[in-house]
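> Need a 3D model of the sequence below.
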Amino acid sequence: MKRQFLEAGQIVNTHGIRGEIKIVPWCDSPEFLCQFGVLYLDGAPVKVRAARPHKGNVLAALEGVDTVEAAMALKGKTVFIDRTGVKLPEGRHFLADLMGLRVLDAGSGAELGVIEDIMTPPAHEVYVVRGAGKEYLIPAVDEFLAETNVEEGFIRVRLIEGMGSDVPY
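Modelled structure (predicted):
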């Protein structure tokens, strides 16, 4: 089941003397997070008065947060977005929706395991798949991904020799 509210970043500091906050974004880019007019903190909506990218982060002014002290009280909090306010491009998915999906071998149809983690190095995501005593690190690129079906709860992958390893986990 898809969650309506998704983690999108963390407030790590204040900025300036007028209550702005600095958010480390957990999404594709700071610009993506800047497009939201409402963020959610502790389950409550908070209106964004202004937001701009700054050195890979987001500087934001929130309604009701007008002092450094008020901004400091938010330090360490997780920022959430409402998925209903987002239209993703064709073929793109929220990482939260991919976690836990069954992973099937496109050739044999065998179940390899489930996505237990997603690494996000600069080039592209890498799915960490675990099941039946094996671990697979599968780059999320067209050469390896045959089909992604979030609604049905699976992805089909094309493996190459040596991709899986026996690991105790």
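
> which stretches of this protein aren't confidently modelled?
1, 164-169 (pLDDT under 70).

> Would you map the helices across it?
Taking DSSP state H, the helices of the chain run over residues 30-34, 68-72, 95-98.

> Throw those into JSON lines and include distance to Gly162 and mean neighbour count, thanks.
Every C-beta, even on glycine, is put in place using the N, C-alpha and C of the backbone. As requested, the helices of the chain are exported to JSON lines (distance: least, C-beta to C-beta, whole Å; neighbours: other C-beta atoms under 10 Å):
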{"stretch": "helix 30-34", "distance to Gly162": "35", "mean neighbour count": "18"}
{"stretch": "helix 68-72", "distance to Gly162": "50", "mean neighbour count": "16"}
{"stretch": "helix 95-98", "distance to Gly162": "24", "mean neighbour count": "17"}
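
> what's the closest of these to Val79?
Val79 lies closest to helix 30-34 among the helices of the chain, at 7.7 Å (C-beta to C-beta).

> contacts for that closest one?
Helix 30-34 is touched from outside by 8-9, 23, 25, 27, 51-54, 56-58, 60, 79, 81, with contacts defined as C-beta atoms under 8 Å, 6 or more residues apart in numbering.

> ok, of these, which one's closest to Asp117?
Out of the contacts of helix 30-34, the member with the shortest distance to Asp117 (by C-beta to C-beta) is Cys27, at 17.3 Å.

> Quickly list the domain ranges of the chain.
5-85, 95-164 (automatic domain parsing).

> The chain: strands as residue ranges?
Counting by DSSP state E, the chain has strands at residues 5-15, 20-25, 38-41, 44-54, 57-62, 78-82, 102-105, 111-119, 126-131, 134-139, 145-149, 154-157, 164-166.

> For Gly91, find the nearest of the ones you listed.
Of the strands of the chain, nearest to Gly91 by C-beta to C-beta is strand 145-149, at 7.6 Å.
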